[in-house]
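Asks: Predicted model follows, preceded by the sequence.
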Amino acid sequence: MAPGDVRARADAVDGTWTSDIIFTSGTTGRPKGAVITHTQSLRAYDIWSDLAGLTRGDRYLIVNPFFHTFGYKAGVLACLMRGATMIPQPVFNVNTVLANIAAERVSVLPGPPTLLQSLLDHPARDAHDLSALRLVVTGAAVVPLRLVERLRAELGIGTVLTAYGLSEAGGVVTMCRRGDDPTVIASTSGRAIPGTELRVADPQGTPLPPGAPGEVLVRGFNVMTGYHEDEQATAEVLSEDGWLRTGDVGVLDAAGNLRITDRLKDMFIVGGFNAYPAEIEQLLGLHPDVADVAVIGVPDARLGEVGRAYVVRRPGALLTGDDLIAWSRREMANYKVPRSVEFVRELPRNASGKVVKGALRNGVTGRGGAERSR
């Protein structure tokens with residue numbers, strides 16, 4: 001095809017046309033295809049690049065998969081729009097990540113918390129020159145409060161940002177801003193990006209005041225046109241006036257910063273109290289011997305449901321289930337305390353880095369099996 005033909009075809013593309021169909025991760029149900037247009041994608045990741053501070057000359061290690069918005073749009077698309085160098089890594093391996101950062105003088109490393117945690121905890125970390133790293137953006141899962149602090153203190157990374165998004169909103173809804181107070185970056189996913197509205201609502205869709213937990217609703221240029229060939233599923237999440245029901249539970253503070261507390265479908269009820277696994281996971285993650293953790297609700301004859309924690313110990317740790325339960329009773333309300341603990345070598349995660357809670361409910365605990373304590 002002649003260069004002129006390529007340009008003519010490109011010029012003929014309308015921004016309202018579908019650019020891609022991004023399938024949801026399916027952690028709480030069957031995957032569905034979110035239909036996104038060219039204008040939505042370009043506008044969203046122009047904003048993302050501005051807020052993150054991505055510039056020409058940056059060297060960006062893309063570890064996140066290209067079928068997911070984190071790798072595809074916040075990675076490939078953002079680099080093309082800003083003129084940053086792309087260094088793709090097809091399969092995640094922490095040794096390769098460390099080698100690439102040092103050899104390629106990587107300056108930008110977005111990724112899920114598990115990637116960053118494994119980087120910090122790697123025994124050979126200090127043998128690699130990571131000094132070129134200047135920007136980290138994380139999200140896609142619950143971000144442990146200590147992770148942001150460690151990235152700044154131990155690796156000297158100047159800009160650490162947290163963000164929140166979902167496929168149905170083009171992959172980006174909120175972002176922290178450079179210059180935000182470290183406590184905001186460590187404990188929230190930031191504020192709505194320009195051109196979008198955000199609210200937390202009760203089951204009837206009524207907005208709730210700051211500090212009250214409810215379902216996160218989004219409206220704006222970035223919300224999908226619908227699910228591919230699935231009108232019923234589209235109608236279930238998109239209101240007539242354009243509000244998208246995300247299925248995520250969150251809390252807004254007075255400044256509009258969003259803290260995601262869980263998925264609606266992951267919540268369980270302990271003796272009449274709503275228990276949100278993500279909140280419990282954040283608290284358990286503060287224990288010095290806990291490297292990774294996931295919590296689910298399991299049946300209980302007396303309370304209806306109680307929490308069970310799946311825990312990955314830090315290397316060399318001798319933590320027992322009884323130890324962790326006793327510690328939890330001092331650190332959280334009684335209904336949030338897990339009644340059982342299973343230690344595993346790793347948690348089952350999908351390619352986007354999210355824990356597959358359905359696998360835990362079905363007894364699939366990742367490699368190495370589980371060791372249970374009550």
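Replies: Arrived safely, thanks for sending.
Asks: which residues does the closest residue to residue 18 other than its chain neighbours bridge with?
Replies: Nearest in space to residue 18, with sequence neighbours left out and distances taken as C-beta to C-beta, 6 or more residues apart in numbering, is residue 35 at 5.5 Å. Where C-beta positions appear, they are placed from N, C-alpha and C, glycine not excepted. Beta-bridge pairing for residue 35 (DSSP bridges): residue 21, residue 226.
Asks: Residue 35 is in contact with residue 229, isn't it?
Replies: No: using C-beta atoms under 8 Å, residue 35 makes no contact with residue 229, being 9.4 Å away.
Asks: more crowded one of those two?
Replies: Higher neighbour count among residue 35 and residue 229: residue 35, with 19 against 11, using other C-beta atoms under 10 Å.
Asks: quick one: the more buried one from residue 22, how far?
Replies: Residue 35 sits 8 Å away from residue 22, going by C-beta to C-beta, to the nearest Å.
Asks: what does residue 16 give?
Replies: Residue 16 is 17 Å from residue 22, by C-beta to C-beta.
Asks: List the strands paired with whichever strand or helix holds residue 163, with their directions.
Replies: According to DSSP states H and E, residue 163 maps onto strand 159-164. Applying DSSP bridges, strand 159-164 is found paired with strand 135-138 (parallel), strand 174-175 (antiparallel).
Asks: Out of the ones you listed, which gets the lowest mean score?
Replies: In terms of mean pLDDT, the lowest-scoring of the strands paired with strand 159-164 is strand 135-138 (a mean of 93).
Asks: name the helices or strands packed onto the helix or strand following that one?
Replies: Counting by DSSP H and E, the next helix or strand C-terminal to strand 135-138 is helix 145-155. Packing partners of helix 145-155 (3 or more C-beta pairs under 8 Å, 6 or more residues apart in numbering; DSSP states H and E): helix 113-121, strand 135-138, strand 159-164, helix 182-187.
Asks: List the buried residues for helix 145-155?
Replies: Neighbour counts over helix 145-155 (16 or more other C-beta atoms under 10 Å) mark 146, 147, 148, 150, 151, 152, 155 as buried.
Asks: The fourth one touches residue 119, doesn't it?
Replies: Going back to what we said before, that points to residue 150. No: judged on C-beta under 8 Å, residue 150 makes no contact with residue 119 at a distance of 9.9 Å.
Asks: Helices of the stretch 1-150 of the chain, start to end?
Replies: 3-12, 38-52, 69-71, 78-82, 94-104, 113-121, 145-155 (DSSP state H, counting those that start in this stretch).
Asks: Deepest-packed of these, please.
Replies: Mean neighbour count (mean count of other C-beta atoms under 10 Å) peaks for helix 69-71 among the helices of the stretch 1-150 of the chain, with a mean of 25.
Asks: What average pLDDT does that one get?
Replies: Rounded mean pLDDT across helix 69-71 is 89.
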